[in-house]
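Visitor: got a sequence here, can you model it:
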Amino acid sequence: MEILKTLAVVLSIGSLAGLNLYLTVFVSGLAMRFDWVTLPPSLNGLEVLGHPIVIALAGILYLFEFFADKIPWIDTAWDSVHTFIRPVGAAALAVAALGEVNPVFEVIAALLAGSMALSSHLTKAGTRLVANASPEPFTNIGLSLAEDGIVLAGLSLIAWSPLVALGIAIAVFITIIAILPILLRSIRRHLWFAWRKLKCPPDDKKPDAPEVSLPAHWDVLLRRSHSNKNPVEWALPCVTGKGSLLPSNIHGWLVRIQGGSQEIQFIGRTWRGSTFASIDCRNGTAEFHSGFMADRISLAHRDGSPHQTFDLDHLHSKSAQFAIETLQAPLETTTETE
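Guide: Got it, this is the predicted structure:
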């Protein structure tokens, strides 16, 4: 039981270190320094956190993080740097906590603590990327304060019942692993749009019309999935958003084929292979919306209920509006004749 409690403390602290390493070390150090908690003999290695130099350094670094973590995009840059620091820091805490133990157990504990720290870090970083899609800073401030609160509550729970803290940490870890593919796609999407926004030229240098052909490998995928072999009328690179037809965060192309009536096609690729969808626009509406990080094409049913959205980088804003116009004109004609 003593070994299990020791492992519970090590892994729970590792999870919290993935959210905020410096606050975890700073508060733990204060607890050791002022005897707020009594450590069992198996965790005497953590007493080093109570050294004045360790407390002072952790406090200074936390002060930097306190402000950096609340500024949009500065927080993402900070998280990028700490992708390596937080897991390594969690592993180091595990090794320090265990002290003189079997080297095999020490390595296993370090790997587990680092893995749990990495999972919580990726969740934090991914959430911040999503929040940074909005230009207002209040979401970032709220998330940062909530994360600090989780760290403080988690440390209190560890002091009260390490096994309960471990149970919660394991449940969170399993949940993160289950949603990891979705999380990674979301991170990739937001990083891609951020990079494209930085590279976007002025409006007068943006193309006025979409591409009239697909890259060769995308064209092959399209022809395999669609029976209409006519030339492409227009094609737009995009990422799927919310909708009832396709999962979100799939990179691909929105395509209209000549002679394809009011159908448009989406062709994309995931780790499982290619994804294809044919969308009938005759009984719906198509709209263009300009956004901070990306522009959006929204397809809706005639009654206005959402159908599918596609996000595009700002380079293709004029092209997207041109494509929407080619869809809206026939839609208006259809409406008039009914």
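Visitor: can you list the buried residues in the host helix or strand of A153?
Guide: Using DSSP states H and E, A153 maps to helix 138-160. Within helix 138-160, the residues scored as buried using 16 or more other C-beta atoms under 10 Å are 139-141, 143-144, 147-148, 150-151, 154-155, 157-159. (Each C-beta comes from the backbone N, C-alpha and C, glycine too.)
Visitor: quick check, pLDDT for the residue nearest to R282 when sequence neighbours are not counted.
Guide: Computed as C-beta to C-beta, 6 or more residues apart in numbering, the closest residue to R282 that is not its neighbour in sequence is Q262, at 4.3 Å. Note for Q262: predicted pLDDT of 70.
Visitor: run a quick neighbour tally on Q262.
Guide: When neighbours are counted by other C-beta atoms under 10 Å, Q262 registers 16.
Visitor: equivalent analysis for L23, please.
Guide: Residues near L23, counting by other C-beta under 10 Å, number 23.
Visitor: which phi and psi does it have?
Guide: phi -70, psi -40 (degrees, to the nearest 10).
Visitor: from here on, count from 262
Guide: Yep, numbering from 262; the last one is L284 now.
Visitor: for P333, give its distance to T400.
Guide: For P333, the distance to T400 equals 8 Å [C-beta to C-beta, to the nearest Å].
Visitor: what touches both of these two?
Guide: A392 (C-beta atoms under 8 Å, 6 or more residues apart in numbering).
Visitor: now whichever strand or helix holds L441: buried residues?
Guide: In this assignment (DSSP H and E), L441 forms part of helix 423-460. If you call a residue buried by 16+ other C-beta under 10 Å, then helix 423-460 has these buried ones: 423, 426-427, 430, 434, 437, 444, 446-448, 450-451, 453-455, 457.
Visitor: now the angle from that helix to helix 399-421?
Guide: Counting by axes from the mean of the first three to the mean of the last three C-alpha atoms, to 10 degrees, helix 423-460 lies at 160 degrees to helix 399-421.
Visitor: who does helix 423-460 touch, helix- and strand-wise?
Guide: Counting contacts by 3 or more C-beta pairs under 8 Å, 6 or more residues apart in numbering; DSSP states H and E, helix 423-460 packs against helix 263-280, helix 364-392, helix 399-421, strand 493-504, strand 512-518.
Visitor: avg pLDDT for that helix?
Guide: For helix 423-460, mean pLDDT is 84.
Visitor: run the angle between it and helix 263-280 for me.
Guide: 20 degrees.
Visitor: how far does helix 423-460 sit from its chain's centre?
Guide: In terms of C-alpha atoms, centre = their mean, to the nearest Å, the centre of helix 423-460 is set 6 Å apart from its chain centre.
Visitor: confirm S535 sits in a strand?
Guide: Yes - assignment of S535 by DSSP: H, G, I helix; E, B strand; the rest coil places it within a strand.
Visitor: what are the contacting residues of the helix holding A414?
Guide: With C-beta under 8 Å, 6+ apart, helix 399-421 has contacts from 269-270, 273-274, 276-277, 280-281, 284-285, 288-289, 292, 297-298, 327, 330-333, 336, 385, 388-389, 392-393, 425-426, 429.
Visitor: what do you get for stretch 574-589?
Guide: Applying C-beta under 8 Å, 6+ apart, the set of residues contacting stretch 574-589 is 453-454, 457-458, 460-462, 464, 467-472, 494-495, 497-498, 515, 517, 523, 525, 542, 546-549, 551, 555-556, 558, 573.
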